[in-house]
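Asks: any chance you could fold what I've pasted below:
(chains A and B)
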There are 2 protein chains.
Amino acid sequence: MDIDTIKYNEQGLVPVITQDTETGDVLMFAWMNPESLKQTLKTGIMTYWSRSRQQLWIKGETSGNIQEVDEIFVDCDADVILFKVTPKGLGAACHKGYRSCFFRAVNRENGNYSVVAERVFDPNEIYK
Amino acid sequence: MDIDTIKYNEQGLVPVITQDTETGDVLMFAWMNPESLKQTLKTGIMTYWSRSRQQLWIKGETSGNIQEVDEIFVDCDADVILFKVTPKGLGAACHKGYRSCFFRAVNRENGNYSVVAERVFDPNEIYK
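Replies: Numbers count the residues shown, from 1 in each chain, chains lettered A, B, ... in the order given. All right, here's what the predicted structure looks like:
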């Protein structure tokens, strides 16, 4: 099948962009290896490869903030995958408590950050 | 300034996601080094680092399909940057003639691709 032509990098990983189907917001950026891609396709639940833990990472497995796959796209070079998903639970993709990991805007003039989103949970309460 | 805390990978690069401000479509995925980020911030025109050519890459410099920066976001780990842009010219981010590089959908059942977008130019006509 076509998906077998996905090009993995030197570490055997492919970059993955996860976008909210409903809002169009980019939620996060992560990586998959062939096994996590296979499991994601099979289960319809986003399953990444955790580079820090070196293991399969079912996003939201413990918190309930899983991501259901709606649509999948592959780029022209077949070396990046874009997933459109529906976030479940509290809907927070970010461990800092935001819907999207991209919750900070960069001021182009001075290069400074400012938080531009509302937290949906307080990480100090959740990750004790 | 905050932007100086961006974490570059072992190759000195940071992954960049480029999204169409108006449609919310993810247009492409590429990389920046500190110099290309600096130039992008200064000029407001997307300037990537070409890994294949090992040089600064002003997207659309020859074709006119440049990307004007509207908004910039940084992720929780400060190791991915999201740019919202306005595509100019024919508005094609993809060298294959599509607005977005993610012009192929993946069928989750059988892993096959299908083209789901219209071409805005014919690459055989443009790149002679």
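Asks: is the worst-scoring helix or strand of chain A on mean pLDDT positioned near chain B?
Replies: When the helices and strands of chain A are scored by mean pLDDT, DSSP states H and E, helix A:123-126 comes last with a mean of 82. No: contact between helix A:123-126 and chain B, assessed by Cβ under 8 Å from any Cβ of the partner chain, is absent, since the two come no nearer than 10.3 Å. All C-beta spots, glycine's among them, are computed from the backbone N, C-alpha and C.
Asks: what lies in contact with stretch A:16-24?
Replies: Surrounding stretch A:16-24, the residues in contact under the criterion Cβ atoms under 8 Å, 6 or more residues apart in numbering or on different chains are A:25-32, A:46, A:48, A:67, A:70-71, A:80-87, A:93, A:99-100, B:17, B:23-26, B:29.
Asks: quick one, which of the residues you listed are buried?
Replies: The neighbour-count criterion (16 or more other Cβ atoms under 10 Å in any protein chain shown) marks A:25-32, A:46, A:48, A:67, A:80-85, A:87, A:93, A:99-100, B:17, B:25-26, B:29 among the contacts of stretch A:16-24 as buried.
Asks: and the contacts of stretch A:16-24, which of them are in strands?
Replies: With strands defined by DSSP state E, the entries of these inside them are A:26-32, A:48, A:67, A:70-71, A:81-87, B:17, B:26, B:29.
Asks: give me the angle between the helix ranked longest in chain A and strand A:26-32.
Replies: The helix of greatest length in chain A, counted in residues with DSSP state H as the criterion, is given as helix A:34-43. Going by axes from the mean of the first three to the mean of the last three Cα atoms, to 10 degrees, helix A:34-43 is angled at 120 degrees with respect to strand A:26-32.
Asks: related to what we said a few turns ago, off-centre distance for the least confident helix or strand of chain A?
Replies: Taking Cα atoms, centre = their mean, to the nearest Å, one finds the center of helix A:123-126 at 20 Å from the center of the full chain.
Asks: I would like the residues contacting it, please.
Replies: Under the criterion Cβ under 8 Å, 6+ apart, residues A:Ser63, A:His95, A:Lys96, A:Gly97 lie in contact with helix A:123-126.
Asks: please identify the helix or strand for the first one.
Replies: The one in question is A:Ser63. If you go by DSSP states H and E, A:Ser63 is not part of any helix or strand.
Asks: chain center to stretch A:86-103: distance?
Replies: What separates the centre of stretch A:86-103 from the centre of its chain is 9 Å, taken as Cα atoms, centre = their mean.
Asks: can that stretch be found next to chain B?
Replies: Yes: judged by Cβ under 8 Å from any Cβ, stretch A:86-103 comes into contact with chain B through A:Cys94, A:His95, A:Lys96, A:Tyr98, A:Cys101, A:Phe102, A:Phe103.
Asks: which of those has the weakest pLDDT?
Replies: Minimum pLDDT for the residues of stretch A:86-103 next to chain B is recorded at A:His95 (91).
Asks: any idea how far A:Glu71 is from that residue?
Replies: A:His95 sits 25 Å away from A:Glu71, taking Cβ to Cβ, to the nearest Å as the criterion.
Asks: rewinding a little: max pairwise distance over the contacts of helix A:123-126: which two?
Replies: Using Cβ to Cβ, the contacts of helix A:123-126 reach their maximum pairwise distance at A:Ser63 and A:Lys96, which is 12.6 Å.
Asks: neighbour count: the two, which is higher?
Replies: Here A:Ser63 and A:Lys96 are compared on neighbour count by other Cβ atoms under 10 Å in any protein chain shown; more neighbours surround A:Lys96, at 18 against 14.
Asks: so what does the residue nearest to the more buried one when sequence neighbours are not counted look like in phi/psi?
Replies: Take A:Lys96 and drop its neighbours on the chain: the residue closest to it by Cβ to Cβ, 6 or more residues apart in numbering or on different chains is B:Cys76, 5.0 Å away. Backbone torsions for B:Cys76, taken as degrees, to the nearest 10, come to phi -60, psi -30.
Asks: what of A:Cys101?
Replies: Torsion angles at A:Cys101 (phi, psi; degrees, to the nearest 10) stand at phi -70, psi -20.
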